[in-house]
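**Student:** Next input, structure requested:
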Amino acid sequence: MKNNKIKLTTTAVCFLALAAALNLVGGFIALSLRLPIYLDSIGTMLAATLLGPICGMLPGLVSGLVSGFTSDIYALYYIPVQLITGILTGIVFRKMQPRKLQLIPAAALISIPGTVVSSTITAVVFGGITSSGSTILVQLLSHAGLSMTASVCVVQALTDYADRVLSLMLTVAVMAAIPSSVKNSIWKGQTTNGTV
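**Tutor:** This is a model prediction of the structure:
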């Protein structure tokens, strides 16, 4: 990100909408395939990386509301996790600008606070059972003798971290692929020859 203040241009708003759609598609794929990861924060992380922590929260909020009201009611309860992910991704990328092996500690910094919140929501509100594919892992650990709360915490920590590492890898790859002219149009509303 070039400076601390972002002028919210039309291009930036369109990018935020695209990021929210990316969250919805990723979340739908993970939910449909019952994957033990979520894939619903890729757009949030991409927006936070490009536009900063405050704008990074918007795709997570929008996608959580849309998903919650259309396909997965559980998504409404996890909106705080999306907001935390957006804020922390924006801060981490502003301070560290992680690349390659730095993605591993960066993912930990981003996922730990969200994991605390999501584990609490999953254990307290839902008793360990949600629509996510990770619920299967929670049940396996619970039937193996671990308490439900401990099972939720272990599974949530592992799946959140794996999800954040994958999302960060995709975010860094996409950021590297976005041409500077497109980044400038998102940051400043600049266009070249009437195109973005």
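**Student:** Let's test this: what are the backbone torsions at the residue nearest to the spatial centre of the chain?
**Tutor:** In the chain, the residue lying closest to the centroid (CA atoms, centre = their mean) is residue 41, at 2.1 Å. Dihedral angles of residue 41 (phi, psi; degrees, to the nearest 10) stand at phi -120, psi 10.
**Student:** May I ask which helix or strand of the chain has the lowest mean pLDDT?
**Tutor:** Ranked by mean pLDDT, DSSP states H and E, the weakest helix or strand in the chain is helix 180-188, scoring a mean of 87.
**Student:** before we move on, the earlier item: tell me which residues touch the residue nearest to the centre of the chain, please.
**Tutor:** 23, 26, 60, 82, 85, 163, 164, 167 (CB atoms under 8 Å, 6 or more residues apart in numbering). To be clear about C-beta, it is placed using only N, CA and C from the backbone, and glycine gets the same treatment.
**Student:** possible to save those residues as a markdown table with secondary structure, pLDDT and distance to residue 143?
**Tutor:** Output for those, formatted as a markdown table (DSSP: H, G, I helix; E, B strand; the rest coil; pLDDT from 0 to 100; distance: CB to CB, whole Å):
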| residue | secondary structure | pLDDT | distance to residue 143 |
| --- | --- | --- | --- |
| 23 | helix | 98 | 32 |
| 26 | helix | 97 | 29 |
| 60 | helix | 98 | 33 |
| 82 | helix | 98 | 30 |
| 85 | helix | 98 | 30 |
| 163 | helix | 97 | 24 |
| 164 | helix | 97 | 27 |
| 167 | helix | 96 | 30 |
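**Student:** Which of the residues you listed lies at the shortest distance from residue 178?
**Tutor:** Compare each of those with residue 178 using CB to CB and the shortest gap goes to residue 167, at 16.2 Å.
**Student:** State the distance from the closest one to residue 142.
**Tutor:** 27 Å (CB to CB, to the nearest Å).
**Student:** More neighbours: the two, which one.
**Tutor:** Legend: neighbour count by other CB atoms under 10 Å for residue 167 and residue 142, higher for residue 167 (28 against 18).
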